[in-house]
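1. From the sequence below, what's the structure:
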Amino acid sequence: MTTPRRILFAIVDGGGTVPADTSVIRALVERGHQVRVLADRVLEPDLAPTGAELVPWQAAPQRASLDPKAMVVSDWAAKSPMGAFAAARDGLMTGPAAKFARDVRAELQRNPADVVVANFFLFGAQVAAEAERVPIAMLASNLMSLPGWGSPPLGPGLPPAKGPLGRARDAAVGKVLDFTFDRGLGDLNEARRENGLAPIDGVLDSYSRCDRLIVLTSRAFEYEVYSPPANVRLTGPRLDDPAWTEPWTPPPGDAPLVLVGMSSTYMDHAAVLQRAADALGDLPVRGVLTTGPAIGLDEIDAPANVTVIRSAPHSQVLEHASAVITHGGHGTVIKTLAAGVPALVLPLGRDQLDNAARVAHYGAGLRLSPKAKAEKISAAVSRLLQEPGFREAAGRMASAIAADMAEDRTVIEIEQLAAAHHPEEVAAVVA
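-> Next up, the predicted model:
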């Protein structure tokens, strides 16, 4: 029988991070734990079905409305992966760290918790937990590979290193990554000083200081050379659809169905969706294009064989799909692979280049520039439909993901951390 624990989540509206966060929250509530969630007020509709208590941010920045462009971080406008990291650094990670710490610490003092679970980019929540001496798990709903972890550092979407030149390449990228984040080190250390904590030497050192860094992906999706620190756990993905998806019925006919699904947050990607729609117009397929909340239905001029809808449960659509065209967000990619469906990835930014690189590395799909013309997209989709090797590779990934999900290792890790906050219980069991 599970001992009920007091669990405090600290999350923000990060688009694709939300369905993964709410999936974990719901699972913990169902196991009888008392779960409170510090979060943006606009996430109330997402959190209400979980049964957890929403505690809105006060000092910390949060999304003001559901307007597609009203995000705290406009990383879509960055010209490079490091530029996107810098926007996230200043907008969430280090710039407002003191404000996030203030809210988390106030909530812990108002209503203590046995463990804090925070989005992996909320270093302020980590500061608060450390100051209050509460265990913390940082939750990453995407790949995590940092300098020295074996795989190439996140950002450019690199393949595994080969030989001395490859290792030198990874070391150089790692230095750029460290430099980019350490430009926020002053803000982070100021937040630490405000909370009675000693400064740290580097922003990314935060990940080695948390009790657990829980990465919600499959080990089979990471490169073979991946070797993260001992506090990192790859616990398998969450495959839940967002709360805002609408009912869906497959379009008539028996031609192969191709799903087009891109970012749920604004990334200025209407033109990419349009080229994908045009590409499917040249093929004997049934296209289903979901715009999500960020792009209006009237922005896409679709051919007759492509149905354009705001949303659909992708997990349901994938039961019928023969291929997927996606921007490469981790949520869409991992659901696609879990269904054994090959993907064409047109990465727009964020972690998407790294997801695209792994899809191509394992032969489970293809990668093109988001600027690719419709003719090139059409040719790539034709390959996915005609060459069986892509579906076979996706099927192997699906089997590995199914094995990951045989038990909820994310929940187990969080429960173990919460129990560690009660050493007297451990002592009683040993006695």
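2. Strands of the stretch 301-431 of the chain, residue ranges please.
-> In the stretch 301-431 of the chain, the strands defined using DSSP state E, counting those that start in this stretch lie at 306-309, 321-326, 343-345, 365-367.
3. Out of those strands, which is closest to R275?
-> Ranking those by proximity to R275 (Cβ to Cβ) places strand 321-326 first, at 9.6 Å. All C-beta spots, glycine's among them, are computed from the backbone N, C-alpha and C.
4. helices and strands around the closest one, which ones?
-> strand 257-261, helix 270-281, helix 330-338, strand 343-345, helix 374-386 (3 or more Cβ pairs under 8 Å, 6 or more residues apart in numbering; DSSP states H and E).
5. for the ones you listed, which one sits closest to K99?
-> K99 sits nearest to helix 330-338 of all the helices and strands packed on strand 321-326, at 27.0 Å, using Cβ to Cβ.
6. Other residues contacting that closest one?
-> With contact meaning Cβ atoms under 8 Å, 6 or more residues apart in numbering, helix 330-338 is reached by 16, 19-20, 141-143, 217-218, 221, 237, 239, 261-262, 314-315, 318, 321, 324, 326, 342-343, 345, 351, 355, 359, 364, 394, 397-398, 401-402.
7. Of the residues you listed, which belong to helices?
-> 19-20, 314-315, 355, 359, 394, 397-398, 401-402 (DSSP state H).
8. Quick check: of the residues you listed, which lies closest to R286?
-> H314 (15.6 Å).
9. Correct me if wrong: the closest one contacts L259.
-> Yes - the criterion here is Cβ atoms under 8 Å, and H314 meets it with L259 at 6.9 Å.
10. joint contacts of those two?
-> T290.
11. and P293, how many neighbours?
-> Using other Cβ atoms under 10 Å, P293 has 17 other residues around it.
12. can you offset everything so residue one is 9?
-> Done: numbering now begins at 9, and the last item shifts to P301.
13. Is it correct that it is in contact with S272?
-> Yes - using Cβ under 8 Å, P301 is in contact with S272, at 6.2 Å.
14. ok, now how distant is V45 from R118?
-> V45 sits 14 Å away from R118 when distances are taken as Cβ to Cβ, to the nearest Å.
15. now S216
-> Taken as Cβ to Cβ, the span from S216 to R118 is 30 Å.
16. Switch the strands of the stretch 309-439 of the chain over to CSV; also include distance to I15, mean pLDDT and mean neighbour count.
-> Shown next, in CSV, are the strands of the stretch 309-439 of the chain (distance: least, Cβ to Cβ, whole Å; pLDDT from 0 to 100; neighbours: other Cβ atoms under 10 Å):
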stretch, distance to I15, mean pLDDT, mean neighbour count
strand 314-317, 36, 92, 18
strand 329-334, 32, 97, 26
strand 351-353, 34, 98, 28
strand 373-375, 37, 98, 25
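17. how about TSV for these, with distance to G132 added?
-> Shown next, in TSV, are the strands of the stretch 309-439 of the chain (distance: least, Cβ to Cβ, whole Å):
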stretch	distance to G132
strand 314-317	38
strand 329-334	32
strand 351-353	32
strand 373-375	35
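18. quick one, domains of the protein?
-> Domains of the chain are assigned by automatic domain parsing as 14-247+415-438, 265-412.
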